[in-house]
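Trainee: sequence and predicted structure are below.
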Amino acid sequence: MTGQAKPNTSILIIGASRGLGLALAEEYLNNGSNVVATVRGPGRTSLHELQDRAAGHLEIETVDITIPDQLTSLHGRLAARRFDLLFVNAGVANAANETAANVSTEEFTRLMVTNALSPLRVVEEFKDLVSAAGTIAVMSSGQGSVANNTRGGFEIYRASKSALNQLMRSYAARNAGDPRTLLLMAPGWIKGTGVGGPNAPLTIGESIPRLVRTIDAQHGRGGLRFLDYRGEAVPW
């Protein structure tokens, strides 16, 4: 990007109190962007500590994406704003050994609502706040790839991310004339995340800067892509 204007200078990140979302906010701040980022509930988080160091470039909002009325209220508070990038990061994991044979209906519903339905509700609610040349990105996972599922494990989490991918494809089909770039991002297998565990090969610091570069490289391209943090296509 040397010698060119940075493509994403106004960022809205949904789900940034910790982990990957927090790292995304920090990376974009380090790149000179202005960031609005959300937490789910009251109380001080690591995002607030980042805000203390951000010299006014980070604003924090509160929203639980599983509650539609809260999405509507947040949209109202941001209605006058326009963003180059909307990144929906919020999501949850579950026990690796839970399968369709033993998962409770409540746990299955929790993952599907949080990981698949709610992120698309965010996209639908906030798409008008993203500039016509902007990007709408959602945090997916390589585990959402049906083609790559040869080992099983995290069965319900995989299903929720596959459902997310399918819903995003349906969204893209319904909005085929929209010039905005649509991205499903797979950050890699990362230590310290709900799915990653201690044996994962990547750290957040190894994944997120490359993921941000990949997002920025897609600026203005339009269409929908399922990419990993290295910019490589992930099989559906």
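Mentor: Cool, the structure landed.
Trainee: what is the neighbour count of the residue lying closest to residue 116 once chain neighbours are set aside?
Mentor: Of all residues not flanking residue 116 in the chain, residue 163 sits nearest, at 3.9 Å (CB to CB, 6 or more residues apart in numbering). Every residue, glycine included, has its C-beta placed from N, CA and C. By other CB atoms under 10 Å, 17 other residues sit near residue 163.
Trainee: and residue 163, what pLDDT?
Mentor: pLDDT for residue 163: 98.
Trainee: tell me which helix or strand comes right after the helix of greatest length in the chain.
Mentor: Counting by DSSP state H, the longest helix found in the chain is helix 155-174. Per DSSP states H and E, the first helix or strand lying C-terminal to helix 155-174 is strand 181-186.
Trainee: so which elements touch the next helix or strand after that following strand?
Mentor: Sequence order places helix 204-217 as the next helix or strand after strand 181-186, per DSSP H and E. Counting contacts by 3 or more CB pairs under 8 Å, 6 or more residues apart in numbering; DSSP states H and E, helix 204-217 is packed against helix 19-30, strand 181-186.
Trainee: avg pLDDT for helix 204-217?
Mentor: 97.
Trainee: ramachandran coordinates for the residue nearest the centre of the chain?
Mentor: Centroid-nearest residue in the chain: residue 89, 2.7 Å away (criterion: CA atoms, centre = their mean). Here is the backbone geometry of residue 89 (degrees, to the nearest 10): phi -110, psi -20.
Trainee: what's the single longest strand in the protein?
Mentor: Counting residues, the longest strand found in the chain (DSSP state E) is strand 130-139.
Trainee: I'd like the mean pLDDT over that strand, please.
Mentor: 98.
Trainee: how about stretch 225-236: buried residues?
Mentor: Using 16 or more other CB atoms under 10 Å as the test for burial, stretch 225-236 gives 225-229, 234.
Trainee: in CSV: those, plus secondary structure.
Mentor: What follows is the buried residues of stretch 225-236, written out as CSV (DSSP: H, G, I helix; E, B strand; the rest coil):
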residue, secondary structure
225, strand
226, strand
227, strand
228, strand
229, coil
234, coil
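Trainee: widest-spaced pair of these?
Mentor: 225 and 229 (13.1 Å; CB to CB).
Trainee: and the helices and strands packed on helix 204-217: which comes nearest residue 141?
Mentor: Closest approach to residue 141 among the helices and strands packed on helix 204-217 (CB to CB): strand 181-186, 5.6 Å.
Trainee: contacts made by that closest one with the rest, please.
Mentor: When contacts are defined by CB atoms under 8 Å, 6 or more residues apart in numbering, strand 181-186 is touched by residues 134-142, 144-145, 164-165, 168, 171-172, 211, 214-215, 218-229, 234.
Trainee: all good on my end, thank you.
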